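Visitor: From the sequence below, what's the structure:
(one chain, ligands or ions: 2)
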Amino acid sequence: MFATPFLDLPPLVGAAGSVQLPGSKSISNRVLLLAALSQGTTEVHDLLASDDTRVMLDALRELGCTVDEAGNDLVRITGLGGAAPRSPARLFMGNAGTAMRPLSAALALLGGEYELSGVPRMHERPIGDLVDALRQLGCHIDYLGNDGYPPLRIAHGAGLPPLQLQAPIRVRGDVSSQFLTALLMALPLVAIKQDVVIEVVGELISRPYIHITLELLARFGIAVRHDNWQRFVIPAGSRYQSPGSIHVEADASSASYFIALGAIAAGANGQNGIKIEGVGLDSIQGDIRFVEAARAMGAQITGGPNWLHITRGSWPLKAISLDCNHIPDAAMTLAAMALYAEGTTELTNIASWRVKETDRLAAMAIELTKLGASVEEGADYLRVTPPATARDWRAASIHTYDDHRVAMCFSLAAFNPARLPVRIEDPKCVAKTFPDYFEALFSLAQADAAQLPVICIDGPTASGKGTVAAAVAERLGYHFLDSGALYRVTALAAVRAGIPISAENEAAIAQLARQLPVRFAGSRIWLGDEDVSEAIRTEEAGMNASRVSALPLVRKALIALQHSFARLPGLVADGRDMGTVIFPTAPLKVFMTASAACRADRRYKQLISKGISANIFDLRADLEARDARDQNRSAAPLKPAQDALPLDNSALTIDETVNQVLHWWQERQPFASRAAG
Ligand SMILES: Nc1ncnc2c1ncn2[C@@H]1O[C@H](COP(=O)(O)OP(=O)(O)OP(=O)(O)O)[C@@H](O)[C@H]1O
Ligand SMILES: Nc1ccn([C@H]2C[C@H](O)[C@@H](COP(=O)(O)O)O2)c(=O)n1
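Guide: Ligands and ions are numbered 1, 2, ... in the order given. This next block holds a predicted model:
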């Protein structure tokens, strides 16, 4: 997951390949609660690992369920099976509506004393209609903040009050279908001697989510009847029973971004189309009907029981006018697709967007406008007209409002015809449903090599370039290439193979370099099966690397490997010839220096801190000898690129040096300052 303050997406030109999507959030949290209420142990396979499922799992543990996170997306839940949950308890629900609403209803009908709260946005998301319905039944529930909103207290410490189960329980269906879902999952707990009836007041929105609820209830032994989605009957004698094992489908709402990707992107690397695995045309999730909307806009989609395949069809896409009541979450993706359509796309019946993680109608309107689209925002509709020509697109920094869907939708703007980058602020907000969303996107998408961001930091030994390059890469979420390590590993491999490092052995060492089984794993470096991270950092290894690096054939042998590090979303590379030879067109090149005395002192402290004894005078002599060899060799000598910015950091701290490089990088970005939010 990218936990950087922002993530810059370079312009993307194509995408192709296969992606396995994480489990559905809606199914995951429903299954967890149903398993917790059941008799027996349920093995839940392919559970979504995300913020929202995390709060549910933590709450279930707090309530006394046995939760065994067995790994590999498998969780075993041993349900309460009629036993009372642990009480009193304070439960934190984050911003997970799929946890807050159903758990409140279930706890209200189980007896006990509970407080349920969440993040500030959760305290702005309505729950009054659900509380009203539970109060009708006789439950004692108090608001701890504003009326109609969490946090809540369920005050049944003295036992469950007598419940009014004879009359139908009336609940509004036009604000959030989660209120009805919550009741449908909670009321089987008390439908013992009589049928319990729920009547929906007003039009039921997001009906497909109720469909999911009914399907899953059936898997846990509860057969709910309904009349035209307005009246639901939970039969007397209902009793939750674990199905033993259950698989969570991949998330159909998450699939929408990759369906859109297939519709928007030309192929990549000679391949065509996007294959989505884990969810197919037979999905029980309502958002699978996004497929129809995407087809209407021009996508070519085929699919089977557990897969979808999408290719670009009509291009540009076709504008559509659609009542989106049946796909409230995935419909946001249509607003992003509208950026590539001919004409105005109109999305209606989406008032529920206003009470989601953020006011999504306002958020989409603001951010689409930043990109250059013309947007009309109504109370319950959005009309989106794309920028008229490529020149009308703007490079925007997209504010994401702590809303995973805003972040994922706007990643699609990186395919803009103006070839502008897109900045996604707070990219970790995708953790709500799809923590590795950007990694998945980058595994499919392609940028023009010339537009892939590369920052080069070259300089003499111990100038701090490795430390600074790694820190800059981490702050930007970019890959990191320590090119010196490749020469160090090559030299070590030669020594291990008994090949003296000399010009006579140039061809043999180059051959070793070409087939170097080197692997970078976080901060560790492996040569075959051996972790050589320490072995390559000795002063002797540095000297050997310097000798090996003077051999032109060895340098040539390592070029392709170094180029392979330039991957989405970008690269920070440190070495001696990053800016002059390996990435000569890089948009930022820094030549980092520090005085020899300062560098010797740094190296001395570095070695002493690792428990390696050293002599500062010898170190200085060694590094000056290494500088001389690196500067004077014929192949790719150490020297600043013509367009490199010099940075002498003798008097700077590491943070100051890192900030200087980041500052130069920001100066080169085209993003307008944040407009709103
Ligand atoms: N202002 C500074 N900027 C960068 N590093 C600094 C600074 N001050 C002290 N250091 C320290 O200098 C030491 C040498 O840094 P580093 O290993 O990154 O240098 P390098 O140029 O990559 O060396 P080499 O080329 O030999 O790998 C590290 O211990 C680092 O923490
Ligand atoms: N791009 C590079 C990187 C390194 N070298 C050589 C020269 C150095 O003395 C040696 C070790 O590098 P370090 O780990 O100290 O950065 O490798 C090079 O020639 N070109």
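
Visitor: now the end-to-end length of stretch 429-438.
Guide: In stretch 429-438, first residue to last residue: 11 Å (C-alpha to C-alpha, to the nearest Å).

Visitor: Okay, buried residues for it please.
Guide: Within stretch 429-438, the residues that qualify as buried are 429-435, 437-438, counting by 16 or more other C-beta atoms under 10 Å. Every C-beta, even on glycine, is put in place using the N, C-alpha and C of the backbone.

Visitor: try stretch 594-611
Guide: Those would be 594, 596, 598-604, 607, for stretch 594-611 by 16+ other C-beta under 10 Å.

Visitor: With just CA atoms, put that stretch into CSV.
Guide: The C-alpha trace of stretch 594-611 is given here as CSV (Å, rounded to 0.1, in the frame of the first residue of the first chain):
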residue,chain,number,x,y,z
ALA,A,594,30.5,16.8,0.5
SER,A,595,34.0,17.6,1.5
ALA,A,596,36.4,14.7,1.8
ALA,A,597,36.9,15.4,5.5
CYS,A,598,33.2,15.3,6.0
ARG,A,599,32.7,12.1,4.0
ALA,A,600,35.5,10.4,5.9
ASP,A,601,33.9,11.4,9.1
ARG,A,602,30.5,10.1,8.0
ARG,A,603,31.9,6.8,6.9
TYR,A,604,33.9,6.4,10.1
LYS,A,605,30.7,6.9,12.2
GLN,A,606,28.8,4.6,9.9
LEU,A,607,31.3,1.8,10.4
ILE,A,608,31.7,2.4,14.2
SER,A,609,27.9,2.3,14.6
LYS,A,610,28.0,-1.2,13.0
GLY,A,611,30.7,-2.3,15.4
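
Visitor: So is that stretch next to ligand 2?
Guide: No. Remark: stretch 594-611 sits outside contact range of ligand 2, by C-beta under 6 Å from any ligand atom, the gap being at least 10.0 Å.

Visitor: now that stretch: how far from the chain's centre is it?
Guide: 39 Å (C-alpha atoms, centre = their mean, to the nearest Å).

Visitor: That one - what's its average pLDDT?
Guide: Confidence for stretch 594-611, expressed as mean pLDDT, is 93.

Visitor: How about stretch 138-156?
Guide: Averaged over stretch 138-156, pLDDT sits at 97.

Visitor: For the stretch 401-550 of the chain, which segments count as helices?
Guide: 404-411, 437-444, 465-476, 483-496, 506-514, 539-548 (DSSP state H, counting those that start in this stretch).

Visitor: Report how many residues lie close to the closest residue to residue 578 other than its chain neighbours.
Guide: Excluding the flanking residues, the one nearest residue 578 by C-beta to C-beta, 6 or more residues apart in numbering is residue 456, at 3.7 Å. Counted with other C-beta atoms under 10 Å, residues neighbouring residue 456 total 28.

Visitor: Same check on the one 5 residues further on?
Guide: A count of nearby residues for residue 461, using other C-beta under 10 Å, gives 23.

Visitor: How much space separates it from residue 639?
Guide: 15 Å (C-beta to C-beta, to the nearest Å).

Visitor: May I see the buried residues of stretch 594-611 arranged in TSV, with secondary structure and distance to residue 500 as well?
Guide: As requested, the buried residues of stretch 594-611 are exported to TSV (DSSP: H, G, I helix; E, B strand; the rest coil; distance: C-beta to C-beta, whole Å):
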residue	secondary structure	distance to residue 500
594	coil	33
596	helix	29
598	helix	34
599	helix	29
600	helix	28
601	helix	33
602	helix	31
603	helix	26
604	helix	30
607	helix	26
